[in-house]
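S.K.: what's the 3D shape of this:
(2 chains)
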Protein chains: 2
Amino acid sequence: MTASGLERALGHVFGDQTLFQTALTHRSFGAVHNERLEFLGDAVLNAVIAHCLFERFPDLPEGDLSRLRAQLVRQDSLHRHALQLSLGAFLRLGEGEQRSGGQNRPSILADALEALFGAVWLDAGFAVVSQVISRLFSPALGEIAPGEAIKDAKTRLQEYLQGNRLALPLYALTGSEGEAHAQTFTVSCNVPALKLCTQGSGPSRRAAEQAAAERALVRLGLQ
Amino acid sequence: MTASGLERALGHVFGDQTLFQTALTHRSFGAVHNERLEFLGDAVLNAVIAHCLFERFPDLPEGDLSRLRAQLVRQDSLHRHALQLSLGAFLRLGEGEQRSGGQNRPSILADALEALFGAVWLDAGFAVVSQVISRLFSPALGEIAPGEAIKDAKTRLQEYLQGNRLALPLYALTGSEGEAHAQTFTVSCNVPALKLCTQGSGPSRRAAEQAAAERALVRLGLQ
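M.R.: Numbering: from 1, shown residues only, chains lettered A, B, ... in the order given. Here you go, the predicted model:
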């Protein structure tokens, strides 16, 4: 697979090959690297996936769409896509990173994939990057069974802890503000066994607990 | 100012007026409301602002771009834009919300503005919503003095706490993983006076502290 093989797999041939190279260049390689493009790519990826989910699931509320998107764009999912594209073979890494296997590191691969999305956006515009992303994510989008995927955060956190024989989280109200009619509650979620402490806010105590549990899932890399 | 006055202020006249109405409809009003559009609008807003910042500040690293974006799209900034557009006058709220002044609530106004962006995206495509957003944010983008705006998170947190005569945060290493060459550190940031406890991770202890401080700033609504 040559570099243009990667372009074929992505579905876009770069007009500006420098952009393409920059997207594949890790910070360890030199002064010009892919972190700014990654910022751009992350943004466009989130927008495109939001749009796909919005269209595909006309009945799902916002919270579920948001949760599904988080699943689709989290590091391990991007890592899988990067492996599919054999992205590792095209990365430019500093010597140290190379020796320690940086081309296989999930975070480096996921970041480079996002950087590629950013580079496609700059190179060819939104319509093209939107197509590239939709095509790549189409199988994953097709596999979503929303009913199944959407257990609430407290349930998922509880199941995870039980599965690891750890004590259940402790939720505690830490604050509330606003008038009776429009209060905002803040709740902490404590998982002592994992030294994990998160907070969440919401219009009800239950919503705040869910928000705190969701943050705990994010910290645990489960969201 | 009529509804079409709002469209003029936004710079887009809706082909699909239902979409326009839905964007202005708060959850308290009825079953069809603007929360899904808000999800979409938040995503496109983040993407467009990312693009604007990327182009305008070719020398800023990713972390600074990300921080600037957070400042531009946080609730109080969206609230200001909504006030500028007199958005409150066009909102459709349930009776209870109306009586308690929902049309002036920053979160409701900010959410409706995001929903409008989502609706413009659906109504007219990315190029148009990108123009609407860029035009609206152009003064705010013009005011950015990146050197000034970008104090690091620990400094800003410290200054905030000192300004409120509160004890300084306590940072503690709570974990590290990975080989010596590519370790990830996790640090907690504790502000006992505010019952605030956040964590952050990064490739160095210092980076992890910054990440934890940044989350504390987010919780405090300062980021």
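
S.K.: residues from chain A in reach of chain B?
M.R.: A:35-36, A:38-40, A:42-44, A:46-47, A:50-51, A:54, A:60-62, A:65-66, A:96-97, A:100, A:102, A:105, A:121, A:126-127, A:130, A:174-175, A:179, A:181-182, A:188, A:195-197, A:199, A:219 (CB under 8 Å from any CB of the partner chain). Any C-beta I mention is one placed from the backbone N, CA and C, and that applies to glycine too.

S.K.: which of the residues you listed fall within strands?
M.R.: In strands, defined here by DSSP state E, the members of these are A:Thr174, A:Gly175, A:Ser188, A:Leu196, A:Cys197, A:Gln199.

S.K.: and those, which are buried?
M.R.: Burial by neighbour count, judged by 16 or more other CB atoms under 10 Å in any protein chain shown, picks out A:Thr174, A:Ser188, A:Leu196, A:Cys197, A:Gln199 from these.

S.K.: per-residue pLDDT of the first one, please?
M.R.: With respect to pLDDT, A:Thr174 has a value of 87.

S.K.: so how far is A:Gln210 from it?
M.R.: Using CB to CB, to the nearest Å, we find A:Thr174 at a distance of 15 Å from A:Gln210.

S.K.: tell me the pLDDT of A:Glu159.
M.R.: Reading off the model, A:Glu159 has pLDDT 84.

S.K.: then A:Pro146?
M.R.: Among the per-residue scores, A:Pro146 shows a pLDDT of 65.

S.K.: same check, this time on A:Thr155
M.R.: A:Thr155 carries a pLDDT score of 86 in this model.

S.K.: and which of the buried ones among the ones in strands among the residues of chain A next to chain B is nearest A:Ala89?
M.R.: Proximity of those to A:Ala89 (CB to CB) peaks at A:Leu196, which lies at 36.9 Å.

S.K.: okay, now the domains of chain A?
M.R.: For chain A, automatic domain parsing gives the domain ranges A:3-149, A:153-219.

S.K.: those domains: lowest mean pLDDT?
M.R.: Note on those: lowest mean pLDDT is at domain A:153-219, with a mean of 87.

S.K.: please report the distance of the spatially most central residue of chain A from A:Leu60.
M.R.: Nearest residue to the geometric centre of chain A (CA atoms, centre = their mean): A:Arg74, 2.6 Å. Note on A:Arg74: its distance to A:Leu60, by CB to CB, is 18 Å.

S.K.: OK, contacts around A:Phe39?
M.R.: By CB atoms under 8 Å, 6 or more residues apart in numbering or on different chains, the contact set of A:Phe39 is A:Gly118, B:Ala50, B:Phe54, B:Glu62, B:Leu65, B:Ser66.

S.K.: from B:Ser66, how far out is it?
M.R.: Separation of A:Phe39 from B:Ser66 (CB to CB) stands at 6 Å.
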